[in-house]
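Trainee: fold the following.
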Amino acid sequence: MNDIFTFLLGLCFYTLIILLPGLGAMALLHYLLSLPMQRRDRARFFLDLIETALQRGQAVEPAMLSAAECRDQAMGVRFYLLATHLEEGDRLGEALRKTPRFLPPQINAMLQAGEKLGDLKKVLPACREVLRTAPDTVRSTMHYMVAILLIFAPIAIWLISLLMIFVMPKFKDVAAGMGGPVWPITQFVFNIAPKLVLFEVVLFILLTILTVIYIGGPGVVRWFQFRSVPIVDWITWRIPWKQKKLLRSFSAMLAVLLDGGVPEAEAVRLAGESTANEICRRRAQRVVAALAEGQKLDDAVRAFDDTGEFHWRLTNAVQVHTGFLDALRGWHEALDAKAFQQEETATHALTSGLVILNGVVVGLIATGMFGILIAILKGVLAAT
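Mentor: Presented below is the predicted three-dimensional model:
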C-alpha cells in the first residue's frame, strides 16, 4: 500500500513540477515562433480585402471599415487601429503611415506607392511576391535550432558551472591524494572550464537576440535603426539572400510602375522607397542622378546592382513588348529560388555547426571527468 502511495505521489510530483511546466514552455515557444507566420497571414488577408474591393469596383476605405465591423480577432489589434484612422477620414496611405507596424515595411511602402500611382491593383502582384514564404524545410530547421539550442544552452551552463564549482575540485583533491597521474587533456579541460561556461553564455545571448528579432519582426529590428547610420539596413543588404529579395522587390515594383506609365525617375524613386531599406533608397537616388545626366534606364540601373545582371535583364525587357513585369517575371522567380537555396544552406550549416560545437563541449567535459576517474583508479591500484 505504501509503495502504491509513493508511486502516485511521485507521479503527481513529476506531473506538476516537470511535465506541466515543460508542456507550457513548449506551447509558449510554439506560439512565439508562429507569430511571424501570423503577421504574413494577416498581410495576405489584407491584400485579399483590397483586391476584392477593387474587383467589385468599391473604394478601399469603406471595404476596410466593413471588414472591421466583423470584429474578427485574427486580424489583430492594429487592423482596428487602422480602421479607426480610416473612419476619421484618412486615406489608406495616410492610415498606413500612422500604423507602421500593421504591415511589413515593404508592403506598407508599396501600397503607398500604388496609391500615388492611382491604381492599387497594379502593385498587388509585387506585394504578394514580397510575402512569399521560405520553404517548409527552412522554417522547420530554424524552429528546431531555436527550440533545441535555447533549451540546451541554459542546461549546459548550469551543468558545467555545477561540475566546475562542486564536482571537479573534489575529484581533483581525491586524485591528488591517491597520487594517480592525471591526463593532460583532463588538466586542459580544468583550465578551460570557465571559457566553456563563457562560450555557452555568449551562445545563449546570441540565440536569444536572434529569437527576439525573428519573433518581433521588423518592429523590433527598427529599434536598432538610425536614419543617419542605417546599420540594420546595411547588414540586411550584405546578407546574400536578403539582398536578392530586396533586388527582386525593387525590380518588381519598378516594372509595375513603368508599366503604369510613371516617368522613369519617379518610378525608380518610388521603387527604392518600396524596399523600406535605406541602402536601396540611396542606390535608387544614384540611378535617378544617372538618369538626370542623360543615361538610359538600363544603363543607369548599374548603380543599383553591382553584379550587372539587372542591367542585362532590363535591357532585354525593354525589347519585349509584353510589359516589364511579364518580361522580368522569370528573373524574379530565379532570384527567389537562389535566395531560398542560400537561406536553407546557411540555416543548415549554422544548425549543424552549433550542434557540433555543443557536442565538442560535452565531449570535453566527459573526457575530463573520465580522466579523473581513471587517475583515481590508478591511484587505488598502486596503493594495493
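
Trainee: go through the chain and flag its longest helix.
Mentor: For the chain, the helix with the greatest residue count under DSSP state H is helix 324-383.

Trainee: off-centre distance for it?
Mentor: How far helix 324-383 lies from its chain's middle: 19 Å, per CA atoms, centre = their mean, to the nearest Å.

Trainee: and what of stretch 253-263?
Mentor: So, by CA atoms, centre = their mean, the centroid of stretch 253-263 is 30 Å from its chain's centroid.

Trainee: so D119 touches V262, yeah?
Mentor: No: checked against CB atoms under 8 Å, the pair D119 and V262 is beyond contact range at 10.3 Å. C-betas here are computed from N, CA, C, even on glycine.

Trainee: before we move on, back to that, so which other helices or strands are in contact with the longest helix of the chain?
Mentor: helix 120-130, helix 136-162, helix 168-178, helix 184-216, helix 240-259, helix 309-318 (3 or more CB pairs under 8 Å, 6 or more residues apart in numbering; DSSP states H and E).

Trainee: mean pLDDT for the ones you listed - can I get that in TSV?
Mentor: Output for these, formatted as TSV (pLDDT from 0 to 100):
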stretch	mean pLDDT
helix 120-130	78
helix 136-162	65
helix 168-178	70
helix 184-216	76
helix 240-259	86
helix 309-318	81
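
Trainee: what's the most buried one of these?
Mentor: Most buried of the helices and strands packed on helix 324-383, by mean neighbour count (mean count of other CB atoms under 10 Å): helix 240-259, with a mean of 24.

Trainee: quick one: which of D119 and V262 has more around it?
Mentor: V262 (21 against 14; other CB atoms under 10 Å).

Trainee: show the pLDDT at the residue lying closest to that one once chain neighbours are set aside.
Mentor: Nearest-residue entry for V262: L117, 6.2 Å, with adjacent residues in sequence omitted and distances by CB to CB, 6 or more residues apart in numbering. On pLDDT, L117 comes in at 75.

Trainee: can you lay out the helices and strands packed on helix 324-383 as JSON lines showing distance to T52?
Mentor: Output for those, formatted as JSON lines (distance: least, CB to CB, whole Å):
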{"stretch": "helix 120-130", "distance to T52": "11"}
{"stretch": "helix 136-162", "distance to T52": "28"}
{"stretch": "helix 168-178", "distance to T52": "67"}
{"stretch": "helix 184-216", "distance to T52": "30"}
{"stretch": "helix 240-259", "distance to T52": "20"}
{"stretch": "helix 309-318", "distance to T52": "31"}
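
Trainee: of all those helices, which one is nearest M110?
Mentor: The closest of the helices and strands packed on helix 324-383 to M110 is helix 120-130. By CB to CB, the value is 5.0 Å.
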